[in-house]
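Engineer: Sequence unavailable; structure follows:
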């Protein structure tokens, strides 16, 4: 029985990145031998065990055989006869198919070290096409490692296009699409996720609302990048810069301009009422992907109100209060923070605006603080009851917001 460190832990160690999780593969052992050695069986589909002291995962070396469509259509073989090389061969990318023995020796039968040095995301074998989740994983790894110079190998992109053309990607369930998307939105360069999906043809299948933005023009004086799809890429990367690792801000950034794909052609490159037009596609996309409620609610809010945030200094105090109420920001200030970060990413996610200031954020935070400082007790003390209390509080909140100083131009 031999144990090897495998996968992401070896990859990140070679890249000089922090190792978060360690996974191990065991060669030459049976499930009974693992249990007898004190490991706890936890795997449902194939033998995976937890080490009693560390809680780390140890999986028996296994092979897999395609038996049907989608990522569930596999039969697994895991016994003492399966070699380390066979186990590594079933993995998605060469950089994830490197093992490390106890003495530090690397086992690298598929050139993973070479591809790390070449900054290349390359599939291990043609079996890559059998699991549609791998297409999303490659796009997610691109979002993580693009800042290090990683790109997708041409032959791997060709396989990904084939997966789309053959309809294999159509069998992805929403939960898996969202799980990979959520991780990608928390990576340093989420625009790479969109670019890889678009180049493979998967974007129009999985995210048709986003794919529809490419090629739609905007007014160059406000958007020097012109193309709405390119703007979304810039906004996503700016969101990752402003709120590193925050997938919620990332999702709001991804969906904030979906209405621009629905702008009547005769008024282009202007996008009058794109906020209102975007509400329905945001709702449809959130529903289809089964995103968490907080993601759906705040994505819709950013879509509806992001122009209001940009024009905050020009809004009437009553309009600001209505926006804060709609966000639920008076009771939950963290919602306003997500909203403001997404709006700032939109404003700075344009060619030439990456380092622009966004004083609207500080002003709206101050407006929220002023409004939240109004309580019901003074009006109860005046003898008001029922709806009259709420009406009086709203008037006081509007007055408090009106007193918030605006920055001098």
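Structural biologist: Yes, it's here. Everything quoted here is computed from the prediction, not taken from an experiment.
Engineer: list the buried ones in the helix or strand hosting residue 194?
Structural biologist: In this structure, residue 194 is located in helix 191-200 according to DSSP states H and E. Neighbour counts over helix 191-200 (16 or more other C-beta atoms under 10 Å) mark 191-198, 200 as buried. For the C-beta atoms, the positions are set from N, CA and C on the backbone; glycine is no exception.
Engineer: and if you look at stretch 101-117?
Structural biologist: For stretch 101-117, a neighbour-count test (16+ other C-beta under 10 Å) marks 107-113, 115-116 as buried.
Engineer: So which residues of the stretch 101-250 of the chain form strands?
Structural biologist: Remark: strands assigned in the stretch 101-250 of the chain by DSSP state E, counting those that start in this stretch are 106-107, 120-121, 151-152.
Engineer: So in that sheet, which strands flank the last one, and in what orientation?
Structural biologist: Sheet neighbours of strand 151-152, with direction, are listed as strand 120-121 (parallel) (DSSP bridges).
Engineer: what about the partner strand, distance to the chain center?
Structural biologist: In terms of C-alpha atoms, centre = their mean, to the nearest Å, the centre of strand 120-121 is found 21 Å from the chain centre.
Engineer: same deal with stretch 382-390?
Structural biologist: 45 Å.
Engineer: And for stretch 139-149?
Structural biologist: With C-alpha atoms, centre = their mean, you get 13 Å for stretch 139-149.
Engineer: Give me the average confidence score over it.
Structural biologist: For stretch 139-149, the mean per-residue pLDDT is 97.
Engineer: swap in stretch 101-119?
Structural biologist: Computed over stretch 101-119, the mean pLDDT rounds to 97.
Engineer: contacts for that stretch?
Structural biologist: Stretch 101-119 has contacts (C-beta atoms under 8 Å, 6 or more residues apart in numbering) with 2-4, 10-11, 14-15, 84-85, 88-89, 93-100, 121-122, 124-125, 145, 148-151, 153.
Engineer: From start to finish, how long is it in a straight line?
Structural biologist: This stretch, stretch 101-119, spans 24 Å end to end (C-alpha to C-alpha, to the nearest Å).
Engineer: Tell me which residue lies farthest from the centre of the chain.
Structural biologist: Outermost residue of the chain with respect to the C-alpha centroid, by C-alpha atoms, centre = their mean, is residue 383; its distance is 50.8 Å.
Engineer: For my notes, confirm that residue occurs in a helix.
Structural biologist: No. Counting by DSSP: H, G, I helix; E, B strand; the rest coil, residue 383 is not part of a helix but coil.
Engineer: Can you point out the buried residues in stretch 356-374?
Structural biologist: So for stretch 356-374, counting by 16+ other C-beta under 10 Å, buried means 358, 360-361, 363-365, 367-368, 370-371, 374.
Engineer: Restricted to strands, list those.
Structural biologist: In strands, judged by DSSP state E, none of the buried residues of stretch 356-374 are found.
Engineer: circling back: same list, the buried residues of helix 191-200, but as a markdown table with distance to residue 306 and pLDDT please.
Structural biologist: Converted to a markdown table, these look like this (distance: C-beta to C-beta, whole Å; pLDDT from 0 to 100):
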| residue | distance to residue 306 | pLDDT |
| --- | --- | --- |
| 191 | 19 | 98 |
| 192 | 24 | 98 |
| 193 | 21 | 98 |
| 194 | 19 | 98 |
| 195 | 23 | 98 |
| 196 | 26 | 98 |
| 197 | 24 | 98 |
| 198 | 23 | 98 |
| 200 | 30 | 98 |
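Engineer: what about the lengthiest helix in the chain, average pLDDT?
Structural biologist: As assigned by DSSP state H, the longest helix anywhere in the chain is helix 293-310. Mean pLDDT, computed over helix 293-310, is 98.
Engineer: What is that helix packed up against?
Structural biologist: helix 247-255, helix 274-289, helix 317-327, helix 333-348, helix 359-372 (3 or more C-beta pairs under 8 Å, 6 or more residues apart in numbering; DSSP states H and E).
Engineer: now it, how far from the centre of its chain.
Structural biologist: With C-alpha atoms, centre = their mean, you get 17 Å for helix 293-310.
Engineer: taking the buried residues of stretch 101-117 one by one, which sit in helices?
Structural biologist: Counted as lying in helices by DSSP H, out of these, are 112-113, 115-116.
Engineer: neighbours of the closest residue to residue 294 other than its chain neighbours, just the number please.
Structural biologist: Excluding its sequence neighbours, the residue lying closest to residue 294 (C-beta to C-beta, 6 or more residues apart in numbering) is residue 248, at 6.7 Å. Using other C-beta atoms under 10 Å, residue 248 has 23 other residues around it.
Engineer: Among the ones in helices among the buried residues of stretch 101-117, which pair sits farthest apart?
Structural biologist: Using C-beta to C-beta, the pair of those lying farthest apart is 113 and 115, separated by 7.4 Å.
Engineer: Quickly name whichever of the buried residues of stretch 356-374 is closest to residue 175.
Structural biologist: Using C-beta to C-beta, the buried residues of stretch 356-374 come closest to residue 175 at residue 361, 33.9 Å.
Engineer: nearest residue to that closest one other than its sequence neighbours?
Structural biologist: residue 340 (4.4 Å).
Engineer: Give me the pLDDT value at the one you found.
Structural biologist: Residue 340 is assigned 98 on the pLDDT scale.
Engineer: That one against residue 365, yeah?
Structural biologist: Yes. Residue 340 lies in contact with residue 365 (C-beta atoms under 8 Å); the separation is 7.2 Å.
Engineer: need the buried residues of stretch 356-374 in TSV with pLDDT and distance to residue 187, can you?
Structural biologist: Output for the buried residues of stretch 356-374, formatted as TSV (pLDDT from 0 to 100; distance: C-beta to C-beta, whole Å):
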residue	pLDDT	distance to residue 187
358	97	23
360	97	27
361	97	24
363	97	31
364	98	28
365	98	28
367	98	33
368	98	30
370	98	37
371	97	36
374	96	41
